[in-house]
Every structure is written in structure tokens, then in C-alpha cells.
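Chemist: Sequence and predicted structure, then a few things I'm wondering about:
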Amino acid sequence: MAPALRVACAMALLAAAPLPLAAAHRRAPVMAPSASVAIGEAIYRFGRLPSGQSMKGQREGGVYANGADAACVNCHRPSGLGAAEGRGFIPPITGQFLFHSNSESRQVRDLPFIEGARPNRDPYTNETLARAIRDGVGVDGKPLSVLMPRFALDDASMAALIAYLKSLSTKSVPGVSDTVLQFATIVTPDADPAKRDAMLAVLNDYFAEKNANARFASPRMYSYRKQMFMVTRHWQLHVWELRGPADTWESQLKHFLATEPVFAVISGLGGRNWAPVHHFCEQAGLPCLFPNVQLPVVAEADFHTLYFSKGVLLEAGLIAHQLQDHAAKPAIHRLVQIYRTNDIGGAAARALELSARTAGLTVVNRPLKESAGDLAAAVAETGPADGLVLWLRPEDLAVLNARPAKAAQVWVSGLMGGLENAPLPAAWRSTTRLAYPFDLPEKRRIRVDYPLGWFRIRKIPVTDVQMQADTFLACGLLSETLNHMADAFVRDYLIERIENMLEHRVITGYYPRLALAPGQRFASKGGYIVRFAGDSGIKLTGASDWIVP
């Protein structure tokens, strides 16, 4: 069993004393169906009982779990469709699978293929399912796996949990029909127009190629075999371009989703602020897969938004790691950070400030107003005992004074500054380090050649290699995941399958490795500190090993 699945199971198997099962049969008032489902969801997802107390589970030998650690979601996942790791399976427990009529019926032949499911067993009833949850006895009268805790739930709590399980996977999925899968990509008003066009060129051509290769319809298969199968569906892309101030984006997105229901959001492009989009997707339960944003939202408890990396926040972690590595830096007593007030550098500076102060450094922030000409003065204030961090764009780097800062060490945001194309004056290049949240250019060359070749064949202008390679990678991950999902189109299951499959991906573009365990939202965890190899050109050399802050 893989580590991710072992961790999920272990969360439900912590040691303690047995529970009084007699309490399981206490009666409580009957609740309305909608209220019952909501209570069942709290039990399933958070291990929280109607009383507000924590649910407790136990297994043989006095092993127990409590509260969130006992929640069903840890192993059976938010979709309720379980998990598969190697030879280990946690079965689906949605009503569709638990209460199917029998193995000969059309209902079973219509079940989507899920690894670990047992469609040939007898169906559960409310009573036999309650027995399984309380006593660990399956519908066939045999003991369930020792990994499955036993839960002492009263009748009302049990009814609520069963009602919630019945509600899972019973609704039609927005954006999915027998012939079409609907997707959206989101562009914020402050996104770079050139990057928007470059991203849409990749998305539109990928969708066109996908549809061209699936032009012949295939009939629905009505047999449940241990194999992947799916109905050929056309991919439709909607471009949701937001307008106006950020506090209006939520209403715009609600309108888009109501008029153009989609299964998921793929890629996308943000500028200074992606948070309203992130929060909307979380509230709507809408998967948002790998948007192109340099300042993502760090909320590991969220579920529906996945990112390739933490962007400039990861860069702040890389610099903080070097500040704490006394053997790798000259003596620095003060850290000076320069950024524009209207850009994302301020958020990165605040993240680095927290780490730097923890390391005992004095931190001085120098926010510059938009288009102000005070950059030279801010740089001139630094001295030989200072470290200087420039959270600046290429237009600012290009006009730095020809003489380098007096600071003992200078760092520049690679993402904001243009990576290896950062227009640093020649005199700055030998003493400046770039925070670089990607693999080194010579190490990623083969992985990036694949999308570059695809762009060349499709005659797509390459204006931003990293952003376009990420967009292509996001599309490929979506396609592979949907193939393995067969016809089990459930939004939460899409996220879970990506988590499960991502670490096996070979072509990872700019990233040396991608992986997502349950509860992780950032697929690439580290980066390098690099320096320029000469006074001109784009050749970089590593100034650190791979760092995972």
C-alpha cells in the first residue's frame, strides 16, 4: 500500500479503550430529510456528531480514532468512491454502490467502473449497513477488514449518515452529457493580454486535437468488467473572462456557471489577485485544475483547487532557507525588501519577513508606488551588512543603476523578474541570486521538448514557454485522468484520481517531479537558488541543491 493510503487509513486506527456499543441504539427525534443529510455529511467529513461531540471509532485490540481522525472521508474520500493503491482497495460506499438491486440488473450493468467495487454481492439495506458500521459485519455475514473501525452511533446519527451516503453520486453532474464534457478556463481582468492569447492558443488547439481524435462515437458498454471503458465525448471549452473590480467576480462567476454549467475549470490565468476565483470554486465544489498564477491561495484544507507550485510564496521559502543556512551566506544582519505596492511582491515580502524575523534578522520593507522613480534611492540605502530582495518586474530590473547594490547578498524573484531572461545589468549578475521554483534548464530540456514539439507541429507561437508548457501539462493531466475515470464523472472523484495518478507522470515539463497526497494542493514542492553563469546570456548555474522549504 502506498504511503498516501497508509496515512489515510492510519488516521482511523489510533489506540485507546473500547466504546460502549449499547449507546448506539439510543433513540432521537426524527429529522427532516435535508437536515438529516447535512448532519450525515458532518459525520462523514468531520467526524462530528449531532450533539457537537466527536465521533469515536474502534477496532479489535482497543485501537480507536476520534473526531476528524475517525471521519469516513479519510479513507473513502470526499466522493465516497474509495481509493486504490497497488493491491489495496478501499471500496466505494455511495448509495449507488451500496444499495444496487442485484448483479443481473440493468442498474448494476450501468454502474461506472470503480476499482475495489463489488457489484456482484447482495445489496445492503439500512439495517445491514447499520450493522456493518456498528459491528463490522458485511452484508454476507463475514467480518469486514480490520482497517474498518466500528462506530457507536445512535439511531438518529446512523440514519443521517446513511441518508448522506445515499445522496452521494445520485445527482446529475453539471457539464456532463452522453455526448459532451463542458470545461471552462478563467481569465482575470489584470492578466497579461499576451499571456492570455498564448494560453488560449494552447487550450483551443489541445481541445481541437482531442475532438479530432475522438470523432467516431462508441456505444455505451453495459457490462461491469475489470477494465477501463468510456463513452466518446466531445470536449467543449468556455472562456470566462472577468471584468471590473474583484468584489464583483463572484457574481460574474455564478452567472457563468449558471448559464454554462461545466464539469471543471482547466488552467486559467490570473494577475495580482486569484483569491476570489479560488474561493468561488471551493464554495461551488468546482474543480479548478492548475491555473497559471504566480500568487496562489495557500489553504491546504481546501479541496477543489490544485496548483503546480506556491509561486512567489515558494520563492520566499527558498530565500528564507538560504538565510538560515549560515555556511552558505555572508554575515547578514538586516534584510531589505523592495516591491511595488500594486503587485504580488508585497505578499511574498510578508511571507519572507515572518521567516527572517524568526531567524533573528531585522527586516526593512521598501514599498514603491506604481511607476515611482524612487527605486534607485531604495537600493542606495543598503549597506554591506544587508541582504537585499527585489520583488520586481523586468521593467524595474532593466533600469537598476549600473553599479550594483552595496548589500552583502542580493536575491531576485525569478517568477516576477523573467527567470533566466531577467534583464539584470551586467554588473549585478555575479552577485545576484535568483529564486527559481523550477528544475534547472539543462535538467528539464527533454521534458520541455515534448510540448515545444507539439507547439511547433500545431504552429502555435511560443511567447511564454513556462506558462504555455504548464497549460499543456494541465491539459494532458486532465485527459489521462478522465481516461482512467472511465464513465465515473464525479467532480470530487476527478480531484482524487489526479492525486492518485500524478506521481506516476513522466512528462512533467518544468518540474522534476509532481505529487499530491490527500490534503496537499501544490504538486511541486521545491526549487533552486541559481545565479547567472556570465555577464550576459541566459545560462544559469545552481547556487544550491534542490530545496524543499
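Modeler: Structure's in. What do you need?
Chemist: contacts and neighbour counts: CA atoms only from here.
Modeler: Fine.
Chemist: Okay, now stretch 49-67: how far is its last residue from its first?
Modeler: With CA to CA, to the nearest Å as the measure, stretch 49-67 spans 9 Å from end to end.
Chemist: Tell me where the stretch 251-400 of the chain has strands.
Modeler: Taking DSSP state E, counting those that start in this stretch as the criterion, the stretch 251-400 of the chain carries its strands at 264-266, 288-289, 305-306, 334-340, 362-368, 386-391.
Chemist: Out of the ones you listed, which gets nearest to Gly317?
Modeler: Smallest distance to Gly317 across those (CA to CA): 12.6 Å, for strand 386-391.
Chemist: buried ones in stretch 183-199?
Modeler: 183-191, 195-196, 198-199 (16 or more other CA atoms under 10 Å).
Chemist: And stretch 401-414, by the same measure?
Modeler: Asn401, Pro404, Ala405, Lys406, Ala407, Ala408, Gln409, Val410, Trp411, Val412, Ser413, Gly414.
Chemist: got CSV for these, with secondary structure, pLDDT and distance to Glu370 too?
Modeler: Shown next, in CSV, are these (DSSP: H, G, I helix; E, B strand; the rest coil; pLDDT from 0 to 100; distance: CA to CA, whole Å):
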residue, secondary structure, pLDDT, distance to Glu370
Asn401, coil, 87, 19
Pro404, coil, 87, 23
Ala405, coil, 86, 22
Lys406, coil, 90, 25
Ala407, coil, 92, 24
Ala408, coil, 91, 27
Gln409, strand, 93, 26
Val410, strand, 96, 22
Trp411, strand, 97, 21
Val412, strand, 98, 19
Ser413, strand, 98, 18
Gly414, helix, 98, 20
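Chemist: Among those residues, which pair sits farthest apart?
Modeler: For the buried residues of stretch 401-414, with distances taken as CA to CA, the pair at the greatest spread is Lys406 and Gly414 (20.9 Å).
Chemist: which one among the buried residues of stretch 401-414 gets closest to Asp535?
Modeler: For these, the nearest to Asp535 is Pro404 (12.8 Å; CA to CA).
Chemist: Which residue, other than its chain neighbours, is closest to the closest one?
Modeler: Trp428 (5.1 Å; CA to CA, 6 or more residues apart in numbering).
Chemist: now do His321
Modeler: Once flanking residues are discounted, His321 sits nearest to Pro549: 6.4 Å by CA to CA, 6+ apart.
Chemist: Out of the buried residues of stretch 183-199, which sit inside strands?
Modeler: Assigned to strands by DSSP state E, the following of these qualify: Phe183, Ala184, Thr185, Ile186, Val187.
Chemist: Adding pLDDT and distance to Gly57, write those out as TSV.
Modeler: Putting these into TSV (pLDDT from 0 to 100; distance: CA to CA, whole Å) gives the following:
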residue	pLDDT	distance to Gly57
Phe183	98	40
Ala184	98	41
Thr185	98	42
Ile186	98	43
Val187	98	45
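Chemist: Let me have these in CSV, adding distance to Arg393 as columns.
Modeler: Below are those laid out as CSV (distance: CA to CA, whole Å):
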residue, distance to Arg393
Phe183, 32
Ala184, 29
Thr185, 26
Ile186, 23
Val187, 21
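Chemist: and which of those is nearest to Lys369?
Modeler: Val187 (25.6 Å).
Chemist: Does Ile495 touch Asp302 like I think?
Modeler: No. In this structure Ile495 lies outside contact range of Asp302 using CA atoms under 8 Å: 11.6 Å.
Chemist: The two: who's more crowded?
Modeler: Higher neighbour count among Ile495 and Asp302: Ile495, with 25 against 17, using other CA atoms under 10 Å.
Chemist: ok, that one to Gly285 distance?
Modeler: Ile495 sits 11 Å away from Gly285, taking CA to CA as the criterion.
Chemist: before we move on, what about Leu306?
Modeler: For Leu306, the distance to Gly285 (CA to CA) stands at 13 Å.
Chemist: what's the answer for Ile133, then?
Modeler: Relative to Gly285, and taking CA to CA, Ile133 is found at 27 Å.
Chemist: same deal with Gly95?
Modeler: As defined by CA to CA, Gly95 lies at a distance of 20 Å from Gly285.
Chemist: Glu353 now?
Modeler: Between Glu353 and Gly285 the distance is 34 Å, computed by CA to CA.
Chemist: what ranges do the strands span in the stretch 1-150 of the chain?
Modeler: Taking DSSP E, counting those that start in this stretch as the criterion, the stretch 1-150 of the chain carries its strands at 14-15, 56-59, 63-66, 83-85, 88-90, 150-151.
Chemist: Between those, which one is closest to Ser251.
Modeler: Ranking those by proximity to Ser251 (CA to CA) places strand 83-85 first, at 35.3 Å.
Chemist: So what's the model's average confidence on the closest one?
Modeler: Here strand 83-85 scores 76 as its mean pLDDT.
Chemist: related to what we said a few turns ago, in JSON lines, list the strands of the stretch 251-400 of the chain along with mean pLDDT, mean neighbour count and distance to Thr248.
Modeler: Shown next, in JSON lines, are those (pLDDT from 0 to 100; neighbours: other CA atoms under 10 Å; distance: least, CA to CA, whole Å):
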{"stretch": "strand 264-266", "mean pLDDT": "98", "mean neighbour count": "23", "distance to Thr248": "19"}
{"stretch": "strand 288-289", "mean pLDDT": "98", "mean neighbour count": "26", "distance to Thr248": "19"}
{"stretch": "strand 305-306", "mean pLDDT": "98", "mean neighbour count": "25", "distance to Thr248": "20"}
{"stretch": "strand 334-340", "mean pLDDT": "96", "mean neighbour count": "23", "distance to Thr248": "24"}
{"stretch": "strand 362-368", "mean pLDDT": "96", "mean neighbour count": "17", "distance to Thr248": "27"}
{"stretch": "strand 386-391", "mean pLDDT": "96", "mean neighbour count": "26", "distance to Thr248": "28"}
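Chemist: contacting residues around the spatially closest residue to Tyr307 that is not a sequence neighbour?
Modeler: Excluding its sequence neighbours, the residue lying closest to Tyr307 (CA to CA, 6+ apart) is Phe290, at 4.4 Å. For Phe290, the contact set (CA atoms under 8 Å, 6 or more residues apart in numbering) comprises Ile266, Ser267, Gly268, Thr305, Leu306, Tyr307, Phe308, Thr471, Ala474.
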